[in-house]
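>>> with the sequence up front, the predicted model follows.
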Amino acid sequence: MMLRLLPLLLLCIAALAGAQPAGDPTPLQFHDAAEETRFHQLTAELRCVQCQNQSLADSNAQIAHDLRREVLNLMREGRSDAQVKQFLVERYGDFVLYRPQMSASTWLLWFGPGVLLLASALWLFLHVRRRARAVPLKALDEEASQESREW
Amino acid sequence: MSDSPQSPQSTPNRLPPVAIILGVLFFIGLMGLMLYGVSRSDRPDRDTLPSALQDKPAPEFSLPLLHDPHVFVSSQDLRGMPYLLNVWGSWCPSCRDEHPVLTRFAETKRLRVIGYNWKDEPADALRWLEQLGNPYMAVITDQEGRTALDWGIAAAPETFLVDGSGIVRWKYSGAITQQVLDTQLIPALEKVEAAAGQAQTSSPSDPRP
């Protein structure tokens, strides 16, 4: 029963997702190994706009094929990695970058964890110092000697 | 060992009330954030990205007509009046879903509805229009999909509202439903029309012809 329903289920999922054109594009041809390395490094840092948890290098969506081809073309036009990224950001937004640019809207993302860590460390430091002052040294000594006596 | 009965004057291990209140508030905040995330997770457009083109000029293009591949339509040809650009393909199931809604809207003749046939075989596209009816004033084709990158198209269907001066005023990813039409497109269109009306009434005082 379950097996018979499975294709139907898969069809429903396919219909819910945004549709992608079919087709089997020819694989990209690289001139040399250096170009290939640079291409793979660049596309691994870019995000697929359709399958949002995959990089452009990994995705098999048709739009990812088109974008990879475009990235290679832009590289061959002599554009730098930053210019290629800028090209995609202008069209698809900051979302395509796995490493977001520093801007007013992303500073929290960049510095939030560090600020939180520093604040916690400061709080911990002050707290420990206050505790150390509240419990006099002599009392601690007595306690320690008492404890050693117990042993 | 520090809260052993030998030190009765202080209980240093107990947290101050402020810390407890802060902790509880933090926990409630975290729960609230989680519930907010869960409540938003059932939106049909939860995966869509904000368009990078919003309130920016629509990209320049020149693409052939589906019904007459020798005739090219450019972005300049569409200037002057607002238009709706609907990205579709005969391979796209959701385009079939939105087709009746789009047809009903196009029949009101409120603005020009342009079809953008994306990465499709012209024969398939023509058959699709023949079967379901053609709501478009004109259909441009982008078989290669190069211009689609300039528009930031990720999947079909996608719909753009472009005003008379060529600025993208609204974009929707996914099939347009009657609800999307009533709550998003019509208000956006009203704003575009109001802005155009204002420009028209103020233009007689403009010394330039």
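Yes, it's here. Numbering: from 1, shown residues only, chains lettered A, B, ... in the order given.

>>> and the helices in chain A?
Along chain A, the stretches classed as helices by DSSP state H are A:2-16, A:33-44, A:62-76, A:81-92, A:107-134, A:137-150.

>>> quick one: the fifth one near chain B?
Yes - with C-beta under 8 Å from any C-beta of the partner chain as the measure, helix A:107-134 is seen reaching chain B through A:131, A:134. In short, each C-beta sits where N, CA and C put it, glycine included.

>>> before we move on, what about the second one?
No - Helix A:33-44 stays out of contact with chain B when judged by C-beta under 8 Å from any C-beta, the minimum separation being 14.7 Å.

>>> contact partners of that helix?
Applying C-beta atoms under 8 Å, 6 or more residues apart in numbering or on different chains, the contact partners of helix A:33-44 are A:28, A:30, A:55-57, A:68, A:71-72, A:75, A:81, A:84-85.

>>> by mean pLDDT, show me the worst of the helices of chain A.
With a mean of 50, helix A:2-16 has the lowest mean pLDDT of the helices of chain A.

>>> need the contact list for the most centrally placed residue in chain A.
By C-alpha atoms, centre = their mean, the mean C-alpha position of chain A lies nearest to residue A:98, the distance being 4.9 Å. Residue A:98 makes contacts with A:45-47, A:55, as judged by C-beta under 8 Å, 6+ apart.

>>> and it, how far from residue A:56?
To residue A:56, residue A:98 is 10 Å away according to C-beta to C-beta, to the nearest Å.

>>> and residue B:22, by the same measure?
Residue B:22 is 43 Å from residue A:56, where distance means C-beta to C-beta.

>>> quick one, which of the two is more surrounded?
For residue B:22 and residue A:56, the more surrounded residue by other C-beta atoms under 10 Å in any protein chain shown is residue A:56, and the numbers stand at 24 against 12.

>>> make sure the more buried one is actually in contact with residue A:64.
Yes - using C-beta atoms under 8 Å, residue A:56 is in contact with residue A:64, at 5.6 Å.

>>> overlap in contacts of the two?
residue A:48.

>>> and residue B:113, that's in a strand?
Yes - Residue B:113: assigned to a strand according to DSSP: H, G, I helix; E, B strand; the rest coil.

>>> what number of residues lie near it?
Residue B:113 has 22 nearby residues by other C-beta under 10 Å.

>>> wait, isn't it in contact with residue B:83?
Yes - counting by C-beta under 8 Å, residue B:113 touches residue B:83, with 7.3 Å between them.

>>> what segments of chain B are strands?
Per DSSP state E, chain B carries strands over the ranges B:62-64, B:72-74, B:83-88, B:112-118, B:138-142, B:158-162, B:168-173.

>>> returning to that earlier point: now, of the contacts of helix A:33-44, which are buried?
Buried subset of these (neighbour count, 16 or more other C-beta atoms under 10 Å in any protein chain shown): A:55-57, A:68, A:71-72, A:75, A:84-85.

>>> closest to chain B among those?
Distance to chain B, by C-beta to the nearest C-beta, is smallest for residue A:71 among the buried ones among the contacts of helix A:33-44, at 10.3 Å.

>>> so who does the closest one touch?
A:39, A:42-43, A:46, A:56, A:84, A:88.

>>> from what I can see residue B:48 touches residue B:173, true?
Yes - using C-beta under 8 Å, residue B:48 is in contact with residue B:173, at 4.1 Å.

>>> who has more neighbours, the two?
residue B:173 (20 against 17).

>>> which residues does that one bridge with?
Counting by DSSP bridges, residue B:173 forms beta bridges with residue B:158.

>>> for it, which residues are in contact?
Residues near residue B:173 by C-beta under 8 Å, 6+ apart: A:18, B:45, B:48-49, B:154-155, B:157-158.

>>> check what pLDDT it gets.
89.

>>> with residue B:138 instead?
For residue B:138, the predicted pLDDT is 94.
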